[in-house]
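Student: With the input below, show me the fold.
(3 chains)
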Amino acid sequence: MPELPEVETVRDGLMKHVLGARIVEAQVLCDRSVRPQPGGAAEFADRLVGHTITAVVRRGKFLWLPLSAVASPAETSAALIAHLGMSGQLLVRDEATEHRHLRARLQLADTPSEAKYLDFVDQRIFGYLAVVDLVPTPDGLPGGLGFAAPTLPAVAAHIARDLLDPALAAGTPGRRRVVDAIRRRRVAIKTALLNQELVSGIGNIYADEALWRAGLHYAQPVGTLTETQVENLLAAAENVMCEALAAGGTSFDALYVNATGEPGYFERSLAAYGREGAPCPRCATPIRREPFQNRSSFFCPKCQNTPAVESPLR
DNA sequence: ACTGCGTCCTGGGGGC
DNA sequence: TGCCCCCAGGACGCAG
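Tutor: I've put the predicted structure just below:
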(Lines give C-alpha, C1' and ligand atoms only; values in the text may rest on other atoms or scores of the structure.)
Protein backbone atom coordinates (compact mmCIF):
# COMPACT_ATOMS: atom_id res chain seq x y z
CA MET A 1 0.00 0.00 0.00
CA PRO A 2 1.79 3.08 -1.17
CA GLU A 3 1.87 5.87 1.39
CA LEU A 4 4.22 8.84 1.54
CA PRO A 5 7.54 6.93 1.81
CA GLU A 6 6.60 4.59 -1.03
CA VAL A 7 5.41 7.40 -3.31
CA GLU A 8 8.54 9.40 -2.53
CA THR A 9 10.66 6.36 -3.43
CA VAL A 10 8.82 6.14 -6.75
CA ARG A 11 9.37 9.87 -7.30
CA ASP A 12 13.09 9.41 -6.74
CA GLY A 13 13.22 6.63 -9.33
CA LEU A 14 11.23 8.63 -11.86
CA MET A 15 13.61 11.59 -11.42
CA LYS A 16 16.50 9.36 -12.45
CA HIS A 17 14.77 7.83 -15.46
CA VAL A 18 12.15 10.12 -16.98
CA LEU A 19 13.16 13.69 -16.16
CA GLY A 20 13.47 15.63 -19.42
CA ALA A 21 11.96 12.80 -21.43
CA ARG A 22 9.65 13.46 -24.36
CA ILE A 23 6.49 11.40 -24.63
CA VAL A 24 6.36 9.77 -28.04
CA GLU A 25 3.25 7.65 -27.66
CA ALA A 26 0.57 7.00 -25.05
CA GLN A 27 -1.37 3.72 -24.95
CA VAL A 28 -4.37 3.25 -22.67
CA LEU A 29 -5.28 -0.38 -22.03
CA CYS A 30 -7.90 0.28 -19.35
CA ASP A 31 -10.20 3.27 -19.75
CA ARG A 32 -11.15 3.28 -16.06
CA SER A 33 -7.51 3.90 -15.11
CA VAL A 34 -7.55 7.25 -16.92
CA ARG A 35 -9.56 9.62 -14.73
CA PRO A 36 -10.53 12.30 -14.04
CA GLN A 37 -10.10 12.95 -17.75
CA PRO A 38 -13.22 14.50 -19.30
CA GLY A 39 -12.22 13.49 -22.82
CA GLY A 40 -11.12 10.01 -21.81
CA ALA A 41 -8.22 8.08 -23.28
CA ALA A 42 -8.14 10.09 -26.54
CA GLU A 43 -7.76 13.40 -24.72
CA PHE A 44 -5.21 11.83 -22.35
CA ALA A 45 -2.99 10.72 -25.23
CA ASP A 46 -3.51 13.96 -27.12
CA ARG A 47 -2.38 16.06 -24.18
CA LEU A 48 0.71 13.86 -23.60
CA VAL A 49 2.24 13.11 -26.97
CA GLY A 50 4.98 15.52 -27.99
CA HIS A 51 5.31 17.01 -24.53
CA THR A 52 8.33 16.86 -22.22
CA ILE A 53 8.44 15.89 -18.54
CA THR A 54 9.99 18.86 -16.76
CA ALA A 55 9.81 17.69 -13.12
CA VAL A 56 8.52 14.96 -10.81
CA VAL A 57 6.56 16.42 -7.92
CA ARG A 58 4.91 14.89 -4.87
CA ARG A 59 2.49 16.11 -2.23
CA GLY A 60 1.30 13.43 0.18
CA LYS A 61 0.42 10.39 -1.93
CA PHE A 62 -0.14 12.43 -5.09
CA LEU A 63 2.49 12.56 -7.82
CA TRP A 64 2.52 14.85 -10.84
CA LEU A 65 4.84 15.35 -13.77
CA PRO A 66 4.64 18.90 -15.14
CA LEU A 67 4.66 18.96 -18.94
CA SER A 68 6.01 21.46 -21.41
CA ALA A 69 5.49 21.58 -25.14
CA VAL A 70 8.62 21.20 -27.25
CA ALA A 71 7.62 24.36 -29.14
CA SER A 72 7.26 26.44 -25.97
CA PRO A 73 9.36 24.82 -23.24
CA ALA A 74 8.82 27.63 -20.74
CA GLU A 75 5.11 26.96 -20.66
CA THR A 76 4.09 24.49 -17.98
CA SER A 77 0.39 24.70 -17.35
CA ALA A 78 -0.48 21.02 -17.36
CA ALA A 79 0.81 17.89 -15.67
CA LEU A 80 0.45 14.14 -15.80
CA ILE A 81 -1.02 13.34 -12.40
CA ALA A 82 -0.69 9.86 -10.90
CA HIS A 83 -2.26 8.38 -7.80
CA LEU A 84 -1.25 4.81 -6.98
CA GLY A 85 -4.29 4.01 -4.86
CA MET A 86 -3.90 0.57 -3.30
CA SER A 87 -1.95 -1.29 -5.93
CA GLY A 88 -0.73 1.15 -8.57
CA GLN A 89 2.84 0.90 -9.86
CA LEU A 90 4.80 3.23 -12.13
CA LEU A 91 7.48 1.12 -13.74
CA VAL A 92 10.36 2.34 -15.87
CA ARG A 93 11.37 -0.20 -18.50
CA ASP A 94 14.06 -0.43 -21.17
CA GLU A 95 11.89 -2.79 -23.21
CA ALA A 96 8.18 -3.39 -23.73
CA THR A 97 7.55 -6.07 -21.09
CA GLU A 98 4.43 -8.07 -20.29
CA HIS A 99 2.38 -7.18 -17.21
CA ARG A 100 -0.83 -8.91 -16.18
CA HIS A 101 -2.36 -5.64 -15.00
CA LEU A 102 -0.85 -3.14 -17.41
CA ARG A 103 -3.31 -0.22 -17.65
CA ALA A 104 -1.33 2.36 -19.60
CA ARG A 105 2.04 2.64 -21.31
CA LEU A 106 3.97 5.76 -22.30
CA GLN A 107 6.76 5.47 -24.84
CA LEU A 108 9.60 7.86 -24.12
CA ALA A 109 12.52 9.47 -25.96
CA ASP A 110 15.47 11.53 -24.73
CA THR A 111 15.46 9.93 -21.27
CA PRO A 112 18.44 10.39 -18.93
CA SER A 113 18.85 6.57 -18.78
CA GLU A 114 18.13 3.60 -21.02
CA ALA A 115 14.44 3.86 -20.14
CA LYS A 116 12.05 3.68 -23.08
CA TYR A 117 8.71 2.99 -21.42
CA LEU A 118 6.81 4.24 -18.42
CA ASP A 119 4.22 1.59 -17.52
CA PHE A 120 1.25 2.06 -15.22
CA VAL A 121 0.35 -1.29 -13.67
CA ASP A 122 -2.58 -1.51 -11.26
CA GLN A 123 -4.32 -4.65 -10.05
CA ARG A 124 -7.24 -3.08 -8.19
CA ILE A 125 -7.80 0.04 -10.32
CA PHE A 126 -7.97 2.31 -7.28
CA GLY A 127 -5.14 4.33 -8.80
CA TYR A 128 -5.33 6.56 -11.84
CA LEU A 129 -3.53 8.70 -14.37
CA ALA A 130 -4.75 11.90 -16.04
CA VAL A 131 -3.45 15.02 -17.71
CA VAL A 132 -4.76 17.95 -15.70
CA ASP A 133 -4.33 21.70 -15.42
CA LEU A 134 -2.01 23.29 -12.89
CA VAL A 135 -3.28 26.16 -10.77
CA PRO A 136 -1.42 28.58 -8.46
CA THR A 137 -0.96 27.64 -4.80
CA PRO A 138 -2.88 30.02 -2.49
CA ASP A 139 0.24 30.73 -0.40
CA GLY A 140 2.63 31.22 -3.32
CA LEU A 141 4.88 28.43 -2.04
CA PRO A 142 5.92 25.43 -4.17
CA GLY A 143 3.02 23.04 -4.65
CA GLY A 144 5.01 19.98 -3.64
CA LEU A 145 8.43 18.43 -3.27
CA GLY A 146 10.50 18.46 -6.45
CA PHE A 147 9.39 21.61 -8.28
CA ALA A 148 10.00 25.23 -7.36
CA ALA A 149 6.95 26.58 -9.20
CA PRO A 150 4.05 27.63 -6.93
CA THR A 151 1.52 25.45 -8.73
CA LEU A 152 -0.34 22.22 -8.21
CA PRO A 153 -3.02 20.22 -10.03
CA ALA A 154 -6.47 21.72 -9.57
CA VAL A 155 -7.80 18.23 -8.78
CA ALA A 156 -5.38 17.95 -5.83
CA ALA A 157 -5.73 21.50 -4.54
CA HIS A 158 -7.75 20.31 -1.53
CA ILE A 159 -4.97 17.98 -0.39
CA ALA A 160 -2.93 19.32 2.54
CA ARG A 161 0.84 19.52 2.54
CA ASP A 162 2.74 16.61 4.10
CA LEU A 163 5.23 16.26 6.93
CA LEU A 164 8.25 16.25 4.60
CA ASP A 165 7.19 19.59 3.08
CA PRO A 166 9.54 22.38 4.27
CA ALA A 167 6.46 24.55 4.85
CA LEU A 168 5.40 22.11 7.60
CA ALA A 169 8.80 21.57 9.23
CA ALA A 170 8.77 21.06 13.00
CA GLY A 171 8.72 24.35 14.87
CA THR A 172 7.37 26.39 11.95
CA PRO A 173 4.06 28.24 11.87
CA GLY A 174 2.95 25.75 9.21
CA ARG A 175 3.40 22.82 11.60
CA ARG A 176 1.63 24.71 14.37
CA ARG A 177 -1.33 25.32 12.07
CA VAL A 178 -1.57 21.58 11.37
CA VAL A 179 -1.57 20.84 15.11
CA ASP A 180 -4.35 23.41 15.61
CA ALA A 181 -6.38 22.08 12.66
CA ILE A 182 -6.18 18.56 14.08
CA ARG A 183 -7.11 19.68 17.57
CA ARG A 184 -10.18 21.53 16.32
CA ARG A 185 -11.74 18.32 15.00
CA ARG A 186 -14.02 16.14 17.07
CA VAL A 187 -12.90 12.73 15.85
CA ALA A 188 -10.67 9.87 16.94
CA ILE A 189 -6.99 10.73 16.58
CA LYS A 190 -6.43 8.08 13.91
CA THR A 191 -9.25 9.53 11.81
CA ALA A 192 -7.52 12.92 11.93
CA LEU A 193 -4.15 11.38 10.99
CA LEU A 194 -5.72 9.70 7.97
CA ASN A 195 -7.52 12.88 6.82
CA GLN A 196 -5.55 14.05 3.78
CA GLU A 197 -7.04 17.53 4.09
CA LEU A 198 -5.38 18.09 7.50
CA VAL A 199 -1.98 16.57 6.78
CA SER A 200 -1.33 14.33 3.80
CA GLY A 201 0.69 11.21 3.10
CA ILE A 202 -0.28 9.09 6.10
CA GLY A 203 -2.16 5.85 5.45
CA ASN A 204 -3.14 2.91 7.62
CA ILE A 205 0.37 1.52 8.07
CA TYR A 206 2.13 4.71 9.16
CA ALA A 207 -0.86 5.90 11.19
CA ASP A 208 -0.61 2.73 13.31
CA GLU A 209 3.18 3.04 13.55
CA ALA A 210 3.05 6.71 14.55
CA LEU A 211 0.40 5.99 17.20
CA TRP A 212 2.49 3.12 18.56
CA ARG A 213 5.59 5.34 18.77
CA ALA A 214 3.63 8.11 20.48
CA GLY A 215 1.92 5.68 22.89
CA LEU A 216 -1.56 6.74 21.84
CA HIS A 217 -4.65 4.60 21.24
CA TYR A 218 -6.23 4.97 17.79
CA ALA A 219 -9.65 5.82 19.22
CA GLN A 220 -8.45 8.55 21.59
CA PRO A 221 -10.68 11.59 20.97
CA VAL A 222 -8.60 14.45 19.59
CA GLY A 223 -10.18 16.80 22.13
CA THR A 224 -8.59 14.92 25.05
CA LEU A 225 -5.05 15.33 23.70
CA THR A 226 -2.73 18.16 24.67
CA GLU A 227 -0.96 20.31 22.09
CA THR A 228 2.29 18.59 23.03
CA GLN A 229 0.80 15.14 22.50
CA VAL A 230 -0.32 16.08 18.98
CA GLU A 231 3.07 17.65 18.24
CA ASN A 232 4.80 14.49 19.42
CA LEU A 233 2.49 12.33 17.33
CA LEU A 234 3.29 14.32 14.19
CA ALA A 235 6.99 14.10 15.01
CA ALA A 236 6.59 10.33 15.36
CA ALA A 237 4.81 10.15 12.01
CA GLU A 238 7.55 12.23 10.37
CA ASN A 239 10.27 10.07 11.89
CA VAL A 240 8.76 6.72 10.98
CA MET A 241 8.14 7.85 7.40
CA CYS A 242 11.72 9.15 7.09
CA GLU A 243 13.06 5.82 8.33
CA ALA A 244 10.78 3.95 5.95
CA LEU A 245 11.94 6.15 3.08
CA ALA A 246 15.56 5.32 3.90
CA ALA A 247 14.62 1.62 3.61
CA GLY A 248 12.91 2.13 0.27
CA GLY A 249 9.40 1.90 1.73
CA THR A 250 7.22 -0.92 3.02
CA SER A 251 6.36 -3.78 0.65
CA PHE A 252 3.80 -5.38 2.94
CA ASP A 253 1.85 -7.36 0.36
CA ALA A 254 4.10 -7.22 -2.72
CA LEU A 255 1.77 -4.74 -4.40
CA TYR A 256 4.29 -1.98 -3.80
CA VAL A 257 7.57 -1.83 -5.71
CA ASN A 258 9.68 1.15 -6.73
CA ALA A 259 10.05 2.56 -10.25
CA THR A 260 12.46 -0.18 -11.26
CA GLY A 261 10.37 -2.98 -9.74
CA GLU A 262 12.24 -3.54 -6.49
CA PRO A 263 10.51 -3.91 -3.09
CA GLY A 264 11.27 -1.84 0.00
CA TYR A 265 12.60 -3.25 3.24
CA PHE A 266 10.79 -1.39 6.01
CA GLU A 267 8.30 -4.19 6.67
CA ARG A 268 10.80 -5.88 8.99
CA SER A 269 10.96 -2.66 11.05
CA LEU A 270 7.23 -2.31 11.64
CA ALA A 271 6.37 -2.39 15.35
CA ALA A 272 2.59 -2.75 15.19
CA TYR A 273 1.06 -2.91 11.71
CA GLY A 274 0.43 -6.46 10.52
CA ARG A 275 1.87 -7.96 13.73
CA GLU A 276 -1.25 -9.32 15.45
CA GLY A 277 -0.22 -11.68 18.25
CA ALA A 278 3.48 -10.84 17.90
CA PRO A 279 5.24 -9.24 20.90
CA CYS A 280 5.29 -5.45 21.20
CA PRO A 281 8.95 -4.43 20.64
CA ARG A 282 8.74 -2.21 23.73
CA CYS A 283 6.97 -4.37 26.34
CA ALA A 284 6.43 -7.80 24.74
CA THR A 285 2.66 -7.65 25.16
CA PRO A 286 0.99 -9.30 22.15
CA ILE A 287 -0.04 -6.77 19.52
CA ARG A 288 -3.80 -6.64 19.08
CA ARG A 289 -5.85 -6.05 15.95
CA GLU A 290 -9.25 -4.41 16.06
CA PRO A 291 -11.62 -3.25 13.34
CA PHE A 292 -11.81 0.53 13.12
CA GLN A 293 -13.87 2.39 10.53
CA ASN A 294 -13.86 -0.48 8.03
CA ARG A 295 -10.07 -0.86 8.45
CA SER A 296 -7.78 -2.78 10.79
CA SER A 297 -5.96 -1.08 13.62
CA PHE A 298 -2.90 -2.73 15.15
CA PHE A 299 -1.79 -1.56 18.58
CA CYS A 300 -0.18 -2.56 21.86
CA PRO A 301 -2.90 -2.78 24.53
CA LYS A 302 -0.33 -1.93 27.22
CA CYS A 303 1.73 0.88 25.63
CA GLN A 304 -1.22 2.50 23.91
CA ASN A 305 -3.60 3.03 26.78
CA THR A 306 -7.36 2.66 26.44
CA PRO A 307 -8.94 5.88 25.22
CA ALA A 308 -9.99 8.38 27.81
CA VAL A 309 -13.57 9.60 27.55
CA GLU A 310 -13.99 13.13 26.32
CA SER A 311 -15.18 15.39 29.13
CA PRO A 312 -18.85 16.34 28.74
CA LEU A 313 -18.10 19.66 30.42
CA ARG A 314 -15.99 20.98 27.57
C1' DA B 1 -18.77 22.97 8.17
C1' DC B 2 -18.21 18.45 9.87
C1' DT B 3 -18.80 13.67 10.46
C1' DG B 4 -19.54 9.02 9.31
C1' DC B 5 -20.53 5.48 6.22
C1' DG B 6 -20.88 3.11 1.75
C1' DT B 7 -18.60 2.33 -2.66
C1' DC B 8 -15.24 1.31 -5.99
C1' DC B 9 -11.83 -3.07 -7.32
C1' DT B 10 -9.30 -7.72 -7.73
C1' DG B 11 -6.68 -11.71 -6.09
C1' DG B 12 -5.48 -14.48 -2.36
C1' DG B 13 -6.71 -17.22 1.40
C1' DG B 14 -9.66 -19.58 4.68
C1' DG B 15 -13.51 -22.44 5.59
C1' DC B 16 -16.63 -25.98 4.46
C1' DT C 1 -10.79 -30.76 -4.92
C1' DG C 2 -13.58 -26.87 -5.61
C1' DC C 3 -16.25 -23.04 -4.58
C1' DC C 4 -17.75 -19.13 -2.13
C1' DC C 5 -17.10 -15.49 0.82
C1' DC C 6 -14.31 -12.33 3.05
C1' DC C 7 -10.52 -9.20 3.38
C1' DA C 8 -7.07 -5.53 2.08
C1' DG C 9 -7.76 0.22 1.99
C1' DG C 10 -7.26 5.48 -0.52
C1' DA C 11 -10.30 8.75 -1.82
C1' DC C 12 -14.61 10.42 -2.78
C1' DG C 13 -19.75 10.98 -2.81
C1' DC C 14 -23.58 11.48 -0.15
C1' DA C 15 -26.75 11.86 3.81
C1' DG C 16 -27.65 13.86 8.14
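
Student: Test for you: state the pLDDT assigned to the residue of the stretch 101-250 of chain A found nearest DNA strand C.
Tutor: Using C-beta to the nearest atom of the strand, the single residue of the stretch 101-250 of chain A nearest to DNA strand C is A:Gly203, 3.1 Å away. Where C-beta positions appear, they are placed from N, C-alpha and C, glycine not excepted. We have a pLDDT of 96 for A:Gly203.

Student: thought it was touching A:Leu194?
Tutor: Yes: the pair A:Gly203 and A:Leu194 passes the contact test of C-beta atoms under 8 Å, sitting 7.0 Å apart.

Student: related to what we said a few turns ago, ok, now how distant is the residue of the stretch 101-250 of chain A closest to DNA strand C from A:Tyr273?
Tutor: 10 Å (C-beta to C-beta, to the nearest Å).

Student: Those two: which has the busier surroundings?
Tutor: Between A:Gly203 and A:Tyr273, counted using other C-beta atoms under 10 Å, the more crowded position is A:Tyr273 (25 against 22).

Student: need the contact list for that one.
Tutor: By C-beta atoms under 8 Å, 6 or more residues apart in numbering, the contact set of A:Tyr273 is A:Asn204, A:Ile205, A:Asp208, A:Glu209, A:Phe252, A:Phe298.

Student: The last one in helix, strand or coil?
Tutor: What it means is A:Phe298. strand (DSSP: H, G, I helix; E, B strand; the rest coil).

Student: Kindly report the residues of the stretch 151-300 of chain A close to DNA strand B.
Tutor: Within the stretch 151-300 of chain A, the positions lying close to DNA strand B (C-beta under 7 Å from any atom of the strand) are A:Arg184, A:Arg185, A:Arg186, A:Val187, A:Ala188, A:Thr191, A:Gln293, A:Asn294.

Student: let's see 6 Å
Tutor: A:Arg185, A:Arg186, A:Val187, A:Thr191, A:Gln293, A:Asn294 (C-beta under 6 Å from any atom of the strand).

Student: same deal with the stretch 1-150 of chain A?
Tutor: Residues of the stretch 1-150 of chain A lying close to DNA strand B by C-beta under 6 Å from any atom of the strand are A:Gln123, A:Arg124, A:Ile125, A:Phe126.

Student: Please report how far the last one lies from A:Ala154.
Tutor: Just to be clear, that refers to A:Phe126. Counting by C-beta to C-beta, the gap from A:Phe126 to A:Ala154 is 21 Å.

Student: what's the answer for the third one, then?
Tutor: As defined by C-beta to C-beta, A:Ile125 lies at a distance of 23 Å from A:Ala154.

Student: Same check on the first one?
Tutor: From A:Gln123 across to A:Ala154, the span is 28 Å (C-beta to C-beta).

Student: These two - which one has more neighbours?
Tutor: For A:Gln123 and A:Ala154, the more surrounded residue by other C-beta under 10 Å is A:Gln123, and the numbers stand at 16 against 12.

Student: surely the more buried one meets A:Arg103?
Tutor: No: with contact defined as C-beta under 8 Å, A:Gln123 and A:Arg103 do not form a contacting pair (9.5 Å).

Student: so where do the helices sit in the stretch 201-314 of chain A?
Tutor: Here the stretch 201-314 of chain A has its helices, by DSSP state H, counting those that start in this stretch, at A:204-214, A:227-246.

Student: Can you say which of those helices is packed in most?
Tutor: Among the helices of the stretch 201-314 of chain A, helix A:204-214 has the highest mean neighbour count (mean count of other C-beta atoms under 10 Å), at a mean of 25.
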